[in-house]
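[1] sequence unknown, structure follows:
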Ligand code: AMP
């Protein structure tokens with residue numbers, strides 16, 4: 001690992017790539033976890049470097065109007081508050097070098113601004129990378145959440161500057177390695193959410209190392225259907241029923257599926273919920289959460305685990321009526337004396353929302369990146385900051 005402590009940043013112009021791709025609604029930040037997580041690296045750099053240039057992407061920018069919803073200005077304000085530090089926000093039509101000469105810490109507008117013109121940021125355009133690199137002497141990559149993408153601001157830029165990883169990147173890799181490489185056993189994997197396809201790579205890479213694979217969320221209905229059960233109008237990933245059948249046939253001793261489910265007749269929070277055994281699901285039922293008996297069985301199975309990895313919510317947790325399973329899973333996992341690693345995306349958001357922010361060994365800030373890392377893939381941005 002090319003650690004930040006080995007970077008000679010004193011008196012230098014240092015570019016820090018963060019992942020400030022935070023959920024926004026009407027320009028208001030909905031969850032600032034990723035900003036808070038960047039503080040350690042930024043404080044370290046700001047206290048040593050001569051100038052600090054902060055880069056990040058947010059959302060997608062295909063046309064100029066997209067910048068209204070995806071400007072980094074609200075992030076810049078929040079970061080200034082958290083750091084208690086003036087940060088000057090720069091747009092790309094301003095004289096950035098002039099601004100940098102007068103200010104010590106600046107944040108550039110969303111790097112995906114350059115996607116308007118031929119996807120230059122997202123396609124890792126080398127001239128754009130050179131342009132970003134021109135503002136600094138050293139590059140620190142702390143944007144784990146986007147490591148699986150090869151962009152000008154996280155890959156190409158490293159061709160021009162000595163590059164190191166920030167503290168958040170190091171924390172992510174160290175913790176995810178507890179799952180990826182020789183996890184302490186017994187090792188339990190809990191997967192939920194809606195898309196089986198997103199998790200096939202992780203299952204393939206880790207199932208032989210795992211003692212238990214517990215499947216919850218909408219994903220479970222693909223497996224229950226594969227077993228021949230009626231799942232009504234529950235979400236099913238039709239394309240992966242065959243995959244589920246094979247997995248059940250080969251790993252029947254490891255796989256645990258729900259045995260009770262909260263169902264409703266409609267996909268909303270007002271619909272009356274009913275607790276049913278999985279064998280009793282009717283054609284007009286939608287399974288939206290796991291029930292207490294399933295939680296009891298999961299709890300028994302994970303009790304002695306030394307490593308637990310969770311990715312994906314246990315139900316449609318955005319509806320308060322169907323958040324029981326997701327909350328209960330967090331509660332029981334948090335009570336096990338194990339390395340407890342929560343994958344990013346919805347599960348990370350739910351863990352923070354339900355008050356379990358500090359209850360696990362690690363909550364990843366990267367959704368797709370953490371899954372791809374655990375699939376055993378080489379993430380493009382890592383090769384520049386890992387030796
Ligand atoms: P994913 O992106 O695959 O991790 O899926 C996350 C989404 O799955 C969340 O928005 C949840 O609301 C949704 N989800 C989880 N369980 C269910 C379910 N039983 N029915 C419908 N959606 C679900």
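    Structure's in. What do you need? Bear in mind that the values here come from a model prediction, so they are computed numbers and not experimental data.
[2] who's in contact with residue 120?
    By C-beta atoms under 8 Å, 6 or more residues apart in numbering, the residues touching residue 120 are 114, 127-128, 152. (C-beta placed from N, C-alpha, C; glycine too.)
[3] give me the buried entries from these.
    Neighbour counting by 16 or more other C-beta atoms under 10 Å classes 114, 128, 152 among these as buried.
[4] taking the contacts of residue 120, tell me the two that lie furthest apart.
    Farthest-apart pair in the contacts of residue 120 is 114 and 127; separation 10.0 Å (C-beta to C-beta).
[5] output the buried ones among the contacts of residue 120 in JSON lines, with distance to residue 184 and pLDDT appended to each entry.
    Listed next are the buried ones among the contacts of residue 120 as JSON lines, based on distance: C-beta to C-beta, whole Å; pLDDT from 0 to 100:
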{"residue": "114", "distance to residue 184": "44", "pLDDT": "98"}
{"residue": "128", "distance to residue 184": "43", "pLDDT": "98"}
{"residue": "152", "distance to residue 184": "39", "pLDDT": "98"}
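[6] distance to residue 207 and secondary structure for these - can I get that in a markdown table?
    Listed next are these as a markdown table, based on distance: C-beta to C-beta, whole Å; DSSP: H, G, I helix; E, B strand; the rest coil:
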| residue | distance to residue 207 | secondary structure |
| --- | --- | --- |
| 114 | 40 | helix |
| 128 | 40 | helix |
| 152 | 36 | coil |
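[7] one step back: dump the contacts of residue 120 to JSON lines, plus distance to residue 193.
    What follows is the contacts of residue 120, written out as JSON lines (distance: C-beta to C-beta, whole Å):
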{"residue": "114", "distance to residue 193": "32"}
{"residue": "127", "distance to residue 193": "39"}
{"residue": "128", "distance to residue 193": "34"}
{"residue": "152", "distance to residue 193": "31"}
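[8] how deep is residue 329 tucked in, by neighbour count?
    Using other C-beta atoms under 10 Å, residue 329 has 31 other residues around it.
[9] the closest residue to it other than its chain neighbours: what secondary structure?
    Nearest residue to residue 329, sequence neighbours excluded (C-beta to C-beta, 6 or more residues apart in numbering): residue 314, at 5.1 Å. Following DSSP: H, G, I helix; E, B strand; the rest coil, residue 314 is assigned to coil.
[10] list the contacts for residue 314?
    With contacts defined as C-beta under 8 Å, 6+ apart, the neighbours of residue 314 are 192, 216-217, 289-290, 325-326, 328-329.
[11] got it, and residue 221?
    Counting by C-beta under 8 Å, 6+ apart, the residues that residue 221 touches are 231, 234-236, 287.
[12] chain center to the helix or strand harbouring it: distance?
    For residue 221, the host element (DSSP states H and E) is helix 219-226. In terms of C-alpha atoms, centre = their mean, to the nearest Å, the centre of helix 219-226 is found 24 Å from the chain centre.
[13] re the thing from before, determine which two of the contacts of residue 221 are furthest apart.
    Farthest apart among those by C-beta to C-beta are 236 and 287. That separation is 9.9 Å.
[14] buried residues in stretch 41-53?
    Within stretch 41-53, the residues scored as buried using 16+ other C-beta under 10 Å are 41-42, 44-46, 48-49, 51-53.
[15] what's the distance between the residue lying closest to residue 32 once chain neighbours are set aside and the ligand?
    Leaving aside its chain neighbours, residue 32 sits nearest to residue 78 (5.8 Å; criterion: C-beta to C-beta, 6+ apart). Distance, residue 78 to the ligand, by C-beta to the nearest ligand atom, to the nearest Å: 25 Å.
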